[in-house]
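Visitor: Have a look; sequence and predicted model below, questions after that.
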Amino acid sequence: MHAASFSAAEPLTEFSQLSMAEGIFGTPLSDRTACFDLFFRSIPDDGGFLISAGLARAVDALRNLHFDDDALAFLRETQTFSEDFLHYLATMRFTCDVWAVPEGTPVFPYEPIVTVRGPLLQAQLIETLLLVIFNHQTLIATKANRIVRAAEGRPVYEFGARRAHGADAALWGARAAFIGGCAGTTQTNAAKKFGIPYFTTMTHSWVQAFESEAAAFAAYAARCPNDCVLLVDTYSTISSGVPNAIRVFNEVLKPMGVRPKGIRIDSGDITYLTKKARRLLDDAGYPDCAITVSNSLDEAVIREMLAQGARADSFGVGERLITAASSPVLSGVYKLAALEDETGRAVPKIKISDNTGKITLPGVKTVWRLLDRELGKAMADVVTLADEEINETAPYELFDPVYTWKRKRVEHFIARRLQQPVFVGGECVYASPTLPEIQRSCAAQINTLWEEVTRFEKPHHYYVDLSKNLWDLRQSMLQPYSNTEE
């Protein structure tokens, strides 16, 4: 697979961010160093974990961060912003430090996935840009992984381009789906740009355009003998589709010395039809002819089909994957965690709410994953202050940050920092792995999670704990706002 450039035009932002940026522009606050965390509050589909995705595109977007002449002309036309501020935008160079969790890493709510440290004006301005990238691609990678795990080792192909929420979502959704474990895509652009393996088949219109189903199959087999997957449900899957496919395999492919790649079933009682089709193909001497099924599939449908004995060899999954239809919004947020004062000291910041789920973790932080040294299984994640270290040679006490009496002493573990440096002073220092490497890493890391975490129904709540220092800091900042009234 070849490398690709993911360049963007002007940065995606919102008027609120521009207005706030101009509000501090030219004041001492504009260059004050701030620290922001990007994190997720929940997991779609009541799942056990998320798959982080989007870093490669975010890297390229930040590398190319600029406001072009058209963007500046539009902002000037709004008569909202001063010429001095527009000149700043025209000449702005990204100078922030960025740390991020690599793509394909299983992650959990409230732990920082991306940390940005730099001038407040800049760090605030990129909020929407980062959120739209990580929210979308993490959502699709997570959904794809659920579907892939439901398929129990059978290939899953991404079929969703025509149902995606726009061309951009189709392209980057296909990449995220591959990270999550999909075997390939039907989308030409994604195959070209990212080197994703492609899957090709016919549509119903091809079959309808010929005088007969058999003629349509014969023409397709002659044109694509090595990628011959025939769509057999245009008229009647069992009485005409599969028999006509077998006839073409015998009359067109066999004389060429080519074995058929497969058939596809896209409608009807697919579980029943795969069983009947399998018998017909086996009896005709084509036990190696794969059966691909499609038609509004997701992990729930696939699991039910397989539980009923469906003879599907692979799955084409479209709309419910590319839109994450069952849970289509990911709750990623980007919050201020610290702001340096005039002396350069990082002053922790916290957002407090009556909704306890919206209370943030203050301070400059990092996240660790503790892995059992013998089994290689993930024991817990720990969010610490950035200057803290976890000593692998000594016992470490975990405690629930809400129910603090729940404590566990762990030993014989490996402590791994999840975030890696991506930008230093605005210069990229991160070399992204290849897409197949990211996919393999994702699969390997999921294998470090216990089955109780990866199960579909009521997964075990994975422990994301706070260090004692971070917990104490948070409590001290909450204390002045506690309600002491009787």
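Guide: It's in.

Visitor: going forward, measure contacts and count neighbours with C-alpha atoms only.
Guide: Will do.

Visitor: Can you give the domain ranges for the protein?
Guide: The chain resolves into domains spanning 15-140+328-481, 200-312 when parsed by automatic domain parsing.

Visitor: Tell me which of the ones you listed lies nearest to Phe178.
Guide: Phe178 lies closest to domain 15-140+328-481 among the domains of the chain, at 6.8 Å (Cα to Cα).

Visitor: got the end-to-end distance for the closest one?
Guide: End-to-end span of domain 15-140+328-481 (Cα to Cα, to the nearest Å): 31 Å.

Visitor: And the pLDDT for the residue nearest to Asn447 when sequence neighbours are not counted?
Guide: Nearest non-adjacent residue to Asn447, counting by Cα to Cα, 6 or more residues apart in numbering: Lys377, 7.8 Å away. Looking at Lys377, its pLDDT reads 97.

Visitor: Please shift the residue numbers so they start at 57 in all later answers.
Guide: Done: numbering now begins at 57, and the last item shifts to Lys433.

Visitor: ok, Lys433 touching Glu507?
Guide: No - assessed by Cα atoms under 8 Å, Lys433 is found out of contact with Glu507, at 10.3 Å.

Visitor: between the two, who's got more neighbours?
Guide: With other Cα atoms under 10 Å as the criterion, Lys433 and Glu507 differ in neighbour count, and Lys433 comes out ahead with 18 against 13.

Visitor: now the more buried one: how far from Arg335?
Guide: Lys433 sits 42 Å away from Arg335, going by Cα to Cα.

Visitor: all helices of the stretch 57-206 of the chain, in order?
Guide: Listed in chain order, the helices of the stretch 57-206 of the chain (DSSP state H, counting those that start in this stretch) span 71-80, 111-119, 125-133, 139-147, 176-181, 183-206.

Visitor: Compare those and report which one is nearest to Leu526.
Guide: Of the helices of the stretch 57-206 of the chain, nearest to Leu526 by Cα to Cα is helix 176-181, at 22.9 Å.

Visitor: I'd like the average pLDDT over the closest one.
Guide: Per-region confidence: helix 176-181 scores 95 on mean pLDDT.

Visitor: ok so, going back, JSON lines please, covering the domains of the chain and showing distance to Gly209.
Guide: Formatted as JSON lines, the domains of the chain follow (distance: least, Cα to Cα, whole Å):
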{"stretch": "domain 71-196+384-537", "distance to Gly209": "12"}
{"stretch": "domain 256-368", "distance to Gly209": "11"}
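
Visitor: Which parts of the stretch 207-356 of the chain are strands?
Guide: For the stretch 207-356 of the chain, applying DSSP state E, counting those that start in this stretch gives strands covering 212-214, 240-241, 285-287, 318-321, 346-349.

Visitor: what's the first one packed up against?
Guide: Applying 3 or more Cα pairs under 8 Å, 6 or more residues apart in numbering; DSSP states H and E, one finds that strand 212-214 contacts strand 240-241, strand 370-373.

Visitor: closest to Arg429 out of those strands?
Guide: For Arg429, the closest of the helices and strands packed on strand 212-214 is strand 240-241, at 34.6 Å, according to Cα to Cα.

Visitor: Please list all residues in contact with the residue positioned nearest the centre of the chain.
Guide: Nearest to the mean C-alpha position of the chain, counting by Cα atoms, centre = their mean, stands Thr194 at 2.3 Å. By Cα atoms under 8 Å, 6 or more residues apart in numbering, the contact set of Thr194 is 106-110, 232.

Visitor: gap between Val204 and Asp339?
Guide: Taking Cα to Cα, one finds Val204 at 30 Å from Asp339.

Visitor: and the two? which has more neighbours close in?
Guide: Of the pair Val204 and Asp339, Val204 is the one with more neighbours under other Cα under 10 Å, namely 25 against 10.

Visitor: That one contacts Cys238, doesn't it?
Guide: Yes - with contact defined as Cα under 8 Å, Val204 counts as touching Cys238 (6.5 Å).

Visitor: quick revisit: and the helices of the stretch 57-206 of the chain, which is most packed in?
Guide: The highest average neighbour count among the helices of the stretch 57-206 of the chain, using mean count of other Cα atoms under 10 Å, belongs to helix 183-206 at a mean of 25.

Visitor: So for Ala90, which of the helices of the stretch 57-206 of the chain sits nearest?
Guide: Proximity to Ala90 (Cα to Cα) singles out helix 176-181 among the helices of the stretch 57-206 of the chain, at 5.0 Å.

Visitor: ok, and what's touching the closest one?
Guide: For helix 176-181, contacts defined as Cα under 8 Å, 6+ apart pick out 69, 73-74, 77, 80-81, 85-92, 150, 152, 172-173.

Visitor: With stretch 213-232 instead?
Guide: If you take Cα under 8 Å, 6+ apart as the criterion, stretch 213-232 is touched by 109-110, 192-194, 196-197, 200, 233, 238-243, 245-246, 250, 252, 255, 370-379.

Visitor: PyMOL command to pick out the buried ones of these?
Guide: In PyMOL, this line selects whichever of those come out buried by 16 or more other Cα atoms under 10 Å:
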select buried, resi 109+110+192+193+194+196+197+200+233+238+239+240+241+242+243+245+246+250+252+255+370+371+372+373+374+375+376+377+378+379
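
Visitor: Can you tell me the SS state at Ala394?
Guide: Here Ala394 is recorded as strand under DSSP: H, G, I helix; E, B strand; the rest coil.

Visitor: could I get the helices and strands packed on strand 212-214 as JSON lines with mean pLDDT?
Guide: As requested, the helices and strands packed on strand 212-214 are exported to JSON lines (pLDDT from 0 to 100):
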{"stretch": "strand 240-241", "mean pLDDT": "97"}
{"stretch": "strand 370-373", "mean pLDDT": "98"}
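
Visitor: right, and those strands - which one's nearest Ala499?
Guide: Among the helices and strands packed on strand 212-214, the nearest to Ala499 by Cα to Cα is strand 240-241 (15.5 Å).

Visitor: Could you list every helix and strand in contact with the closest one?
Guide: Packing partners of strand 240-241 (3+ Cα pairs under 8 Å, 6+ apart): strand 212-214.

Visitor: how about the strand it packs on: buried residues?
Guide: Those would be 212-214, for strand 212-214 by 16+ other Cα under 10 Å.

Visitor: between these, which is closest to Val385?
Guide: Glu214 (19.4 Å).

Visitor: Please name the bridge partners of that closest one.
Guide: Glu214 has these beta-bridge partners by DSSP bridges: Thr241, Val373.

Visitor: Let's see the pLDDT reported for it.
Guide: pLDDT, Glu214: 97.

Visitor: Good, we can wrap up now.
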